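**Q** got a sequence here, can you model it:
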Amino acid sequence: MLEKNIDTFIGCDAEYNDARMVLFGAPFDSTTSFRPGARFACRAIRTDSYGLETYSPLLDRDLEDIDVFDSGDIELCIGSSEKALEQISKRTATILNDGKIPFMIGGEHLVTLGAFREVFKRFPDVNIIHFDAHTDLRDEYLDVKLSHACVMRRCHDLTGDGRIHQFGIRSGERVEFRWVDEGHTELHRFDFVGLEETVNRIGDVPVYFTIDLDVLDPSVFPGTGTPEHGGVSFMQLVDAIRIVCSGCRIVGLDVCELSPNYDQSGSSTAAACKIIREILLSIK
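**A** From the prediction side, this is the model:
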């Protein structure tokens, strides 16, 4: 059984045995290709979450009415991506073995692979719903296969074709888009058009939900390592989250790629906190 973390996300202080969902942080950014700093997101999110209310007026739900346990951050090996992924997999396995839903806070997007490996072992028919500015479908980046630029390709190595559903994508190499056109993933450019149809089509199949926060336009979310203009608004993202979390059988999820030091106003961190609250309150 995991021990309670002293510094928790607001309202996430249930006892482990009572919790349905378990938060944990993965402070890792060793493969970041542009601006590092996502390793500092977990601590910033927990601290700034106390600027939020536990109640969501949009959902008419309150974190005080659900049981979420915050297990704290993993002390990750910064010098080895594979070792860090193994450590993330181990924490995810503990949570899954106890019949709970793992909710990881990154960290750069590569951390998704560590959690997804364990989810896939237990739910081999799992689909991925992926919100992001970037395709993340390179087979390698600078001769490295374990990179945040390759994370969805590594997940595809496990799932095979037709089970990764990508939304908000507006950046990637031409070869990545050509690879998508061959039918390997379902990719929706720029926004969330088609999301409800995808959710309805997936039905009751298990879903891993991963959000790279740079899906948001940098005019509203500048605090990220690889900002990409032309993104969605905050309310577009919140509405899309509600569609996924209320319509899918979520078995694992993550929120990644806040780099708080690139937004000294704190607005990006505040946005990340609110997004996490809305996710926690939206999961059916």
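
**Q** helix, strand, or coil at the residue lying closest to residue 86 once chain neighbours are set aside?
**A** In this structure, residue 86 finds its nearest non-sequential neighbour in residue 114, 7.1 Å apart by Cβ to Cβ, 6 or more residues apart in numbering. Placement of C-beta: from N, CA and C, glycine included. Following DSSP: H, G, I helix; E, B strand; the rest coil, the label given to residue 114 is helix.

**Q** distance of residue 114 from residue 79?
**A** Going from residue 114 to residue 79 by Cβ to Cβ, to the nearest Å gives 16 Å.

**Q** please apply the same query to residue 268.
**A** 28 Å.

**Q** again with residue 264
**A** For residue 264, the distance to residue 79 (Cβ to Cβ) stands at 29 Å.

**Q** now do residue 129
**A** From residue 129 over to residue 79 the distance is 32 Å, taken as Cβ to Cβ.

**Q** so between the two, which is more surrounded?
**A** residue 129 (25 against 8; other Cβ atoms under 10 Å).

**Q** neighbouring strands of the helix or strand hosting the more buried one in the sheet, and parallel or not?
**A** Using DSSP states H and E, residue 129 maps to strand 127-131. Sheet pairing of strand 127-131 (DSSP bridges) gives strand 164-169 (parallel), strand 206-212 (parallel).

**Q** ok, then the element right after the shortest one?
**A** Toward the C-terminus, strand 164-169 is succeeded by helix 174-181 as the next helix or strand (DSSP H and E).

**Q** show me the shaky parts of this protein.
**A** Along the chain, the parts satisfying pLDDT under 70 run over 4-5.

**Q** try it again with 80
**A** Scanning the chain with the threshold set as pLDDT under 80 gives 1-6.
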